[in-house]
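1. have a look at this prediction, sequence included:
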Amino acid sequence: GYSPGDMTGRSGVERMFEDQLRGVPGSERIVVDARGRRKRGAVVDELLGKDRRVAPVPGHNLILTVDLEVQRLVERALRRYSSGAAVVMEVNTGRILASASKPAYDPNLLTSRLNPKDARRLFTDPLHPLLDRVTREHYFPGSTYKVVTATAALEEKKVTPGENLFCKGYHRLGKRNFRCSHSHLKVDLYESIVGSCNVYYYTMAERVGMDALARYARMYGLGAPTGLGLNGEVGGFIPTKAWYARRKQPFRVGFTLNAGIGQGNVKTTPIQIVSMYAAIANGGTLYLPQVVERVETSSGKLVEQFTPRVRREVKVKPETLALIRHALEGVVSHEDGTAHASQLEHIQVAGKTGTAQVSRRSKQGTSVWLGDHSWFAAYAPVDKPLIAVAVIIEHGGRAAKIAAPVAMEIIKGYFRYVEPQ
């Protein structure tokens, strides 16, 4: 149904809804002579008949869930950083209010012929501006993943909320020390999330085991595409013992310990993280993310309305989610919380910082350490959550100083300009 030169949606919602956006082209049959001059008159009428013209049908309009003001807030909050991503979701519907990936590119470059200079700049840029980091790039989630490990430990009865563990700055396994940020001394579940104690989660991961961790991670929607359907969404990765066996790699308990703090072979996307935190906030409902609210004709007549769709109910006890929500609130409100310095006046925020270590294999086979990725996942307000936010700043460093302030700027703007409290 296409002719040479026709415009077509190549990515995003334009590709997903191409059939409805493009409409139906019109046509008109005419008669010309050998010199290309148009002929008219009775002979032409006899040849072509009266139904020689087919009127075009305009395409439908898409009304997105994206809120322009929230999108501006997100892009403004990311302005200081060269690469990263942020996404804002409605907690009780799964609708995407804003999504931004940096660096970005001018889409107008791709609406006409792309000149060699612009093409070279787009395709050779080491920061990959054509990559949508919200859906197509997966990262180590770092400590934002600790809610999975906490859930698994509580649900499998491997720990009680009041049980204290001693953190002396490292967890000993065989001849290796698995490091923590510092010595937290005695920590229980609440304190382990508030202060982001790695030793606590190494211990929980060892108690729970790799496969149980994977089961709860998948329950939260990790390890598979969320179903948003945009831009070739990737599913991230959640390792299991069977995966190591297929690779003929001897399984080590250390793999489980690394997975327990969101490192090792665990990979997630920002859209997965925001979906998981929205589910924790709303009591366990994992929504299918949506970016299109409805389809209308060019005259404004409703064609299709997309209501919120539930992906699954997370099979976790309400008490478990309540404990985790209480601890996430403490991350911001408690004086020892890793995001306490970024707390907002008049808006109670719950969230989790995550600083993910990143390395790259050199040609000689050695690991070259790069700057840590900086994560913050949150929802607000605490008493009646409306939005969830996930922010990642690539190689940004400490999450408490980088990603958390970015997310708080977005949340503050939302409740000031979009949904005043």
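-> All right, it came through fine.
2. elements contacting the lengthiest helix in the chain?
-> When every helix of the chain is counted residue by residue (DSSP state H), the longest turns out to be helix 318-333. In this structure, helix 318-333 makes packing contacts with helix 146-155, helix 189-194, helix 270-282, strand 350-361, strand 367-380, judged by 3 or more Cβ pairs under 8 Å, 6 or more residues apart in numbering; DSSP states H and E. (Glycine included, C-beta is placed from N, CA and C.)
3. what does that helix contact?
-> Outside of helix 318-333, the residues that reach it under the criterion Cβ atoms under 8 Å, 6 or more residues apart in numbering are 147, 150-151, 154-155, 161, 189-190, 192-194, 196, 280-281, 283-284, 314, 337-340, 342-343, 348-353, 378-379, 382.
4. out of those, which end up buried?
-> Neighbour counting by 16 or more other Cβ atoms under 10 Å classes 147, 150-151, 154-155, 189-190, 192-194, 196, 280-281, 283-284, 314, 337-340, 342-343, 349-353, 378-379, 382 among the contacts of helix 318-333 as buried.
5. buried set for the longest helix of the chain?
-> Burial within helix 318-333, assessed by neighbour count using 16+ other Cβ under 10 Å, is assigned to 320-321, 323-333.
6. shaky segments in the stretch 51-200 of the chain?
-> Of all residues in the stretch 51-200 of the chain, none has pLDDT under 70.
7. how about the helices in it?
-> Assignment of helices within the stretch 51-200 of the chain using DSSP state H, counting those that start in this stretch yields the ranges 68-77, 116-124, 146-155, 189-194, 198-208.
8. only alpha carbons, please: show the shortest one as PDB.
-> Taking only C-alpha atoms (Å, rounded to 0.1, in the frame of the first residue of the first chain), the coordinates of helix 189-194 have been written out as PDB:
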ATOM      1  CA  LEU A 189      15.700  -5.000  57.900                       C
ATOM      2  CA  TYR A 190      14.600  -1.400  58.300                       C
ATOM      3  CA  GLU A 191      18.100  -0.100  58.900                       C
ATOM      4  CA  SER A 192      19.500  -2.200  56.100                       C
ATOM      5  CA  ILE A 193      17.400  -0.400  53.500                       C
ATOM      6  CA  VAL A 194      17.700   3.000  55.100                       C
END
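9. closest one to Asp106 among the helices and strands packed on helix 318-333?
-> Comparison of these against Asp106 by Cβ to Cβ identifies helix 270-282 as nearest, at 22.4 Å.
10. what's the burial count for Leu288?
-> Summarising burial for Leu288: neighbours were counted as other Cβ atoms under 10 Å, giving 18.
11. so it makes contact with Gly229?
-> No: counting by Cβ atoms under 8 Å, Leu288 sits too far from Gly229 to count as a contact (9.3 Å).
12. middle-most residue in the chain, spatially?
-> Most central in the chain under Cα atoms, centre = their mean is Ile271, positioned 1.7 Å from the mean C-alpha point.
13. who are the contact partners of it?
-> Contacts were defined as Cβ under 8 Å, 6+ apart; by that measure Ile271 touches Val87, Ser99, Val134, Thr135, Thr226, Leu228, Glu233, Pro289, Ala390.
14. assumed the fifth one was part of a helix.
-> Right, the one you point to is Thr226. No: the assignment for Thr226 is coil, going by DSSP: H, G, I helix; E, B strand; the rest coil, so no helix is present there.
15. when you give positions from now on, start the count at 309
-> New numbering, starting at 309: the last item is Thr534.
16. distance of it from Pro626?
-> As for Thr534, its distance to Pro626 is 24 Å (criterion: Cβ to Cβ, to the nearest Å).
17. do the same with the first one
-> In this structure, Val395 lies at 27 Å from Pro626, with Cβ to Cβ as the measure.
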